[in-house]
Structures are given as structure tokens and as C-alpha cells.
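1. A structural model of the following input is requested.
(one chain, ligands or ions: 2)
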Amino acid sequence: MARVAVIGAGTMGHALALVFALGGHRVRLTDSNKETLARAQGLMETALATLVAGGEAPADWTSGHLAQAVTRHDSLAEAVDGAELIVEAIIEVPEAKRALYEQLDKLAPAEAIFASNTSHLDVFPLIPAARQRKAMIAHWYTPPYLVDLVDVIPGPECEKGVVEGVSDMLRAMGKQPIGLKKFVPGYVANRIQAAIGLEVQHLLDEGVASAEEIDAAIIHGLALRLPILGFYAKADFTGLALMQAVKRNNSYAPPKPTPSSPVLDKLVAEGRTGVLAGAGYYDWPGDPAALFEARDKKLIALKQAMREIGTMAGMERKL
Ligand SMILES: NC(=O)C1=CN([C@@H]2O[C@H](COP(=O)(O)OP(=O)(O)OC[C@H]3O[C@@H](n4cnc5c(N)ncnc54)[C@H](O)[C@@H]3O)[C@@H](O)[C@H]2O)C=CC1
Ligand SMILES: O=C(O)[C@@H](O)C(=O)[C@H](O)[C@@H](O)CO
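-> Ligands and ions are numbered 1, 2, ... in the order given. So this is what the prediction gives:
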């Protein structure tokens, strides 16, 4: 059992607190926004109930267990007191992270490991020199209590064994840490996702297809094969001569990256910021907790089917 502090109780932080609690660890959760910290309890309880009902958490795990495993703290100092692992899950804003790491340098135990959940930022320059020896990235995917991939990357001065120790902890929690030798923005899966995002936002901004049509193309065209074949096993079934021809013909040129998307900016300006706001690219009427619950129930059913079916690609490949 480790003492874990999770800083940031938003979309990821509340869910990470639940993951570490289910992994048998003692969690302290904090957030600079008191409403968000208060809301986290209900979100954790809803997610826990869904996991228990779906057979993805121990049947005897109640909200009482959760209350024992995860405590919420308004004070950052209290949250990190005695912490062995500090999970940073605050906003993806470099200056906010830098300021937090400066506070943590003063407050955290000397041997505490700093693990950032950043999606794309090179956080290591934001961390004080004295903390570099225990600085890493542990990047999770939403929802982390169902998606098992965790990108684990050592900081440039991280001591040998730190990432390995955290990876052992994650494997013991049933997670799949994928280690990268050095930081690249977006790691592997997030880079793939960012490349998809570049393409689909271009298609939407240029009016080639609607968001619904683009998602339908992904769901009805790509999604069925990915869990079984990934990219490379699928290529083997396609035939590598064709892969060569596509390269040789230079058939595809990615859109030029742009710092914004007109459609995305319009949605945000209209307050359509996603499920928690009741709308984003789609309308999301009703209680957000119920929507997260509905998503999680479908993800659990799919994850269990995938576990049953098995895969022909990746490191668990079985023929
Ligand atoms: N949302 C997602 O699907 C994923 C997000 N991430 C990364 O995780 C991090 C958090 O993302 P989200 O949970 O989506 O953000 P969020 O906006 O939902 O939550 C961030 C929380 O940080 C709090 N915060 C800001 N400054 C703080 C400080 N100094 N001390 C304590 N709390 C502070 C905010 O009040 C907010 O509640 C980001 O680095 C993001 O890139 C990684 C994987 C997936
Ligand atoms: O998809 C995820 O959960 C993660 O890859 C993320 O970091 C965020 O979604 C972010 O990259 C925006 O796509």
C-alpha cells in the first residue's frame, strides 16, 4: 500500500484517485477549486457503483471503502503530507504546472515521486532541479479506471528504478504501462490520436463531412478491426506490397497543423465545452453523471468482450 496524493480533482484527477484506491493505496485528493473537489466524491461513487455492477471492481467495495481509501483535502500541504507518489492532474497550462511544482518542492516529502498526467507537455523543465531525480510522466487515458494503458516516461535526470517501481505498482493494479525511453510530445497513443484529430478537424473545418459522418466512418470503418489487429497486424492482412504502393504513390498528405480550429473555437465560445456543459460537438441532454455512467457501462461490456475474444496483435497476441 502506497500513500498517493492526486493534485487536481477534475475529469482525470477524480478518476485517478478511484483507480489508486481500488489498487489498494491510500489516496489524498485536492483541487484549488472547492466545488470541483466537492463534486469529485459523487463522480467517484458513481464510477465505483458502475464498476462494481459491471464486475470490474470487487463486489464488496462500497462507498464506505472509498471514503476510507480516498480523503479530500482543501489544503495542498495536507494532501501531500507523507505522500510517496504525487500524481499531478491539474490543467494543461505550463505556467499553472510550474507554479504547482514550485509549491510541491516546498511541501512534498523529499523522496516523493512526481508523476505528471500531462497529455502532451514536456513538464520536466517546469519542475525544480531538486525534484528532477524523482520526476516522471505517467499519462493515463480517460476513463483511467477502464482504459489500462499508461505511458510512463522518466525525466532526463530521473533516477534508475523510479519508473520501474511505478510501473510495477501499475501492473499490480492491472494496468498496462508502456515505457518510452525519452519524452516525445503525446507519447505513442496520444500522437496517433493527435494525428487523427488533425485529420478529422480539417475534414470538419473544411466542410468535407459532419462530426456525425466522421464518427460514423471511424465506428463503422476502423473501430471493428483495431481491437483485434491494431495497425501492423492489419497491414499484414492488407498486404505489404499495397502498403508500399500507397507510400510510393504519395497518396496521402496530412493537413498542415494549425493552432486552432474554427469549428472547435465556435463551440467553446458558445459554451458547448463537452458533456459536463450539456453539449459539445453533440448535444448531451440530462445528468452528466448518468451520461458518464452510460459510457462506462458500454466500455465495460466492450472491454469484457475484448478480453474474451483476445487479440491477434500487440503484446498479448494469441493465435
Ligand atoms: N481530460 C482527459 O481526457 C485527459 C487529460 N489529461 C491531462 O490531465 C491533466 C488534467 O486534465 P483534466 O482532468 O481533463 O482537466 P480538468 O480541467 O478537468 O481538471 C483540472 C483540475 O485542476 C485544478 N487545478 C488547476 N490548478 C490547480 C492547482 N494549482 N492546484 C490544484 N488544482 C488545480 C482545476 O481546478 C481543475 O479542477 C491535464 O494535464 C490533461 O492534459 C490526460 C489524459 C486524458
Ligand atoms: O484520450 C485520452 O484520454 C488522452 O489521450 C488525453 O491525453 C486527452 O484526451 C488529450 O490528449 C486530448 O485528446
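2. can you give me the strands in the stretch 1-150 of the chain?
-> Assignment of strands within the stretch 1-150 of the chain using DSSP state E, counting those that start in this stretch yields the ranges 3-7, 26-30, 70-72, 85-88, 113-116, 135-140, 149-154.
3. okay if I get the ones you listed as TSV plus mean pLDDT, distance to ligand 1 and mean neighbour count?
-> C-beta here means a position set from N, CA and C on the backbone, and glycine is covered the same way. Shown next, in TSV, are the strands of the stretch 1-150 of the chain (pLDDT from 0 to 100; distance: least, CB to the nearest ligand atom, whole Å; neighbours: other CB atoms under 10 Å):
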stretch	mean pLDDT	distance to ligand 1	mean neighbour count
strand 3-7	98	5	27
strand 26-30	98	6	24
strand 70-72	98	12	20
strand 85-88	98	8	24
strand 113-116	98	7	28
strand 135-140	98	6	25
strand 149-154	97	9	22
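4. for A135, what are its contacts?
-> Under the criterion of CB atoms under 8 Å, 6 or more residues apart in numbering, the contact list for A135 reads I113, F114, S116, V123, F124, I127, G155, E157, C158.
5. circling back: so which of the strands of the stretch 1-150 of the chain gets nearest ligand 2?
-> Minimum separation from ligand 2 across the strands of the stretch 1-150 of the chain (CB to the nearest ligand atom) falls at strand 135-140, 6.4 Å.
6. got the angle between the closest one and strand 149-154?
-> If you take axes from the mean of the first three to the mean of the last three CA atoms, to 10 degrees, strand 135-140 sits at 170 degrees to strand 149-154.
7. ok, back up a step: can you redo the strands of the stretch 1-150 of the chain as CSV with distance to G55?
-> Formatted as CSV, the entries for the strands of the stretch 1-150 of the chain read as follows, by distance: least, CB to CB, whole Å:
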stretch, distance to G55
strand 3-7, 25
strand 26-30, 23
strand 70-72, 21
strand 85-88, 26
strand 113-116, 29
strand 135-140, 21
strand 149-154, 21
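8. L291 is nearest to which of the ones you listed?
-> Within the strands of the stretch 1-150 of the chain, the stretch nearest L291 is strand 135-140; the backing value is 20.3 Å (CB to CB).
9. mind jotting down where the helices sit in the stretch 151-300 of the chain?
-> Applying DSSP state H, counting those that start in this stretch to the stretch 151-300 of the chain gives helices spanning 162-172, 189-205, 211-217, 226-229, 232-238, 240-248, 262-269, 288-309.
10. which ones are touching the residue most central in space within the chain?
-> With distances taken as CA atoms, centre = their mean, the residue of the chain nearest its centroid is Y141 (2.2 Å). Residues in contact with Y141 (CB under 8 Å, 6+ apart) are V147, L149, V150, A189.
11. compare the helices of the stretch 151-300 of the chain and give me the one nearest I178.
-> Comparing the helices of the stretch 151-300 of the chain by their distance to I178 (CB to CB), the top pick is helix 189-205, with 8.1 Å.
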